[in-house]
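Student: Okay, predicted coordinates and the sequence, questions at the end:
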Amino acid sequence: MKPRSEPGGAPGPAPRSEPSSATGPALRSDPNSATGPAPHSEPSSAPHPAPRAAPVPRTASPAAPRSALRIAVTGASGFCGGHVARAAAAAGARVVCLGRGPGPVGEHRFWDASRGEPDFSGTDLVVHCAAAVGDPAPGSRAEAMMHAVNVTGTERLLRAAGTRPVVWVSSASVYDPRLDRSLVTEDHPRAGHLNAYGRTKAAGEALALAAGAVVLRPRAVYGPGDTQLLPRLLSRVRAGTLFLPGPDVRLSLTAVENLAEACLAAPGWSPGAYNIADAEPYGRDGAVAAVLRAHGVPARVRHLPLGLAGAAARIAESLSRAEPPLSRYAVDQLAHPVVLDLTRARARGWAPSRTLADYLSPGRG
């Protein structure tokens, strides 16, 4: 499990600090400007906050000019957060990067997401990309750290944000995998999670929603600087063959530039959850084959019977004390159709501009 720049049940914490000035409008960045970022972000454990009676909307007012807007980006030293920070700077905002390491632009303020509160003084809004990701074994230290970052870290972040607008980057992993996901709306149940990542993102997201934040749910974020999807995919090629569980399915993927654009537009949206993905889903086998070709990996895609893949995952989980080489979560992510309905985000004026073809074309990736 790694902390990364990327939720529920209990209500969120009460506001505390105030933003330094009136919050600004949603930002629009040049989609061609955000390019590859750096490593990762952070890992929490503060007392549980008192329940709130009702969520307080945190949407930005169309007041301050872009040049006056100061945006705080957590996890900016990582993949998603780095892209958001670059895109915000390209759009004219002044960027404050919070994390254990500096971001690609702007001011750096140290914050370990597993402990302490972030310093948002002088900023107008917050985009929370910091997260712990991975597939840790139940009861492991990695699982405890994931809860510390994704759940109690969110409690402390919301306390520190006060009344500032908050954009909380979640994941489509919060959706119940036991139900049909051939077209998933934001009202799809959030239960039945197969690992700690899904559970902790669902719990943290619930806190953010209860506090009046805008929550974005991307799926399988890819693009320049990716340290998760591509390395995992390439590591599973054996003797020129890549086995995928079950027959070909349609899957939503999210270009990191599309996510960054949504993060900058979202402060002007109504509080709530929004699916974020590329405009159209992809056929799994074709997309995987195209990625392998683009990276010069000669491999054939073959299908492993779904029952056999599931059994192998259960055995691997039972034998592993850390992150298993194969898990039920990993099998689920590839074996079943998962297509995100983008109607709600599109109704706010957002439209995805990037596709996998852009990433695989010469000069990209």
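Tutor: Cool, the structure landed. Residues are numbered from 1 along each chain as shown.
Student: A144 belongs to a strand, doesn't it?
Tutor: No. Judged by DSSP: H, G, I helix; E, B strand; the rest coil, A144 forms no part of a strand; its state is helix.
Student: Just give me the neighbour total for it.
Tutor: The number of residues packed near A144 is 16, by other Cβ atoms under 10 Å. Using the backbone N, CA and C atoms, a C-beta is placed for each residue, glycine as well.
Student: Distance check, it against S320.
Tutor: A144 sits 16 Å away from S320, going by Cβ to Cβ, to the nearest Å.
Student: so how far is Y175 from V151?
Tutor: V151 is 18 Å from Y175, by Cβ to Cβ.
Student: Phi first, then psi, for the residue lying farthest from the centre of the chain.
Tutor: Distance from the C-alpha centroid of the chain, by Cα atoms, centre = their mean, peaks at A239 (32.4 Å). A239 has phi and psi values of phi 50, psi 40 when expressed as degrees, to the nearest 10.
Student: Could you report the pLDDT at it?
Tutor: pLDDT for A239: 87.
Student: Report the separation between it and A87.
Tutor: Distance of A239 to A87, computed by Cβ to Cβ: 41 Å.
Student: What ranges does the chain have for its helices?
Tutor: Assigned by DSSP state H, the chain shows helices spanning 79-90, 141-147, 153-161, 196-210, 229-235, 256-265, 284-294, 306-319, 328-335, 343-347, 356-360.
Student: Give me the contacts around the fifth one.
Tutor: Surrounding helix 229-235, the residues in contact under the criterion Cβ atoms under 8 Å, 6 or more residues apart in numbering are A220, V221, Y222, L242, V288, V291, L292, H295, V297.
Student: Might you report the residue contacts of F110?
Tutor: F110 makes contact with L98, G99, R100 under the criterion Cβ under 8 Å, 6+ apart.
Student: will you turn the residues you listed into JSON lines that also has neighbour count?
Tutor: Shown next, in JSON lines, are these (neighbours: other Cβ atoms under 10 Å):
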{"residue": "L98", "neighbour count": "31"}
{"residue": "G99", "neighbour count": "30"}
{"residue": "R100", "neighbour count": "20"}
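Student: of all the residues you listed, which comes closest to L158?
Tutor: Among the contacts of F110, L98 lies closest to L158 (Cβ to Cβ), at 14.0 Å.
Student: quick one, what contacts the closest one?
Tutor: A72, V73, T74, G75, A76, H108, R109, F110, W111, P118, D119, A130.
Student: separation between the fourth one and A266?
Tutor: Counting by Cβ to Cβ, the gap from G75 to A266 is 16 Å.
Student: Between the two, which has more neighbouring residues?
Tutor: Remark: of G75 and A266, G75 carries more neighbours, 32 against 29, as counted by other Cβ under 10 Å.
Student: in the chain, which ranges drop under the pLDDT threshold?
Tutor: The model of the chain has pLDDT under 70 over residues 1-67, 362-365.
Student: and if we set it to 50?
Tutor: Scanning the chain for pLDDT under 50 picks out 1-25, 28-56, 61-65, 365.
Student: Strands of the stretch 1-150 of the chain, residue ranges please.
Tutor: 2-5, 70-74, 94-99, 107-110, 125-128, 130-133 (DSSP state E, counting those that start in this stretch).
Student: Columns distance to D358 on top of those, output as JSON lines?
Tutor: Shown next, in JSON lines, are the strands of the stretch 1-150 of the chain (distance: least, Cβ to Cβ, whole Å):
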{"stretch": "strand 2-5", "distance to D358": "21"}
{"stretch": "strand 70-74", "distance to D358": "23"}
{"stretch": "strand 94-99", "distance to D358": "24"}
{"stretch": "strand 107-110", "distance to D358": "30"}
{"stretch": "strand 125-128", "distance to D358": "23"}
{"stretch": "strand 130-133", "distance to D358": "24"}
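Student: Pick the most deeply packed of the helices of the chain.
Tutor: Highest mean neighbour count among these (mean count of other Cβ atoms under 10 Å): helix 79-90, with a mean of 30.
Student: Determine the set of other helices and strands touching that helix.
Tutor: Helix 79-90 sits against strand 2-5, strand 70-74, strand 94-99, strand 125-128, helix 256-265, with contacts defined as 3 or more Cβ pairs under 8 Å, 6 or more residues apart in numbering; DSSP states H and E.
Student: closest to V214 among the contacts of helix 229-235?
Tutor: Nearest to V214 among those, with distances taken as Cβ to Cβ, is V221, at 17.3 Å.
Student: What is the burial count for the closest one?
Tutor: The local packing of V221 (other Cβ under 10 Å) involves 25 other residues.
Student: and it, what is it in contact with?
Tutor: By Cβ under 8 Å, 6+ apart, the contact set of V221 is E6, F79, C80, Q228, L229, L253, T254, A255, V256, L259.
Student: What separation do you get for the fifth one and G198?
Tutor: Computed with Cβ to Cβ, the distance linking L229 and G198 is 16 Å.
Student: now swap in the third one and tell me
Tutor: C80 sits 17 Å away from G198, taking Cβ to Cβ as the criterion.
Student: do the fourth one as well
Tutor: In this structure, Q228 and G198 are 15 Å apart, going by Cβ to Cβ.
Student: sorry, back to before: most neighbours, which of the contacts of L98?
Tutor: Sorting the contacts of L98 by how many neighbours each has (other Cβ under 10 Å) puts V73 first, at 38 neighbours.
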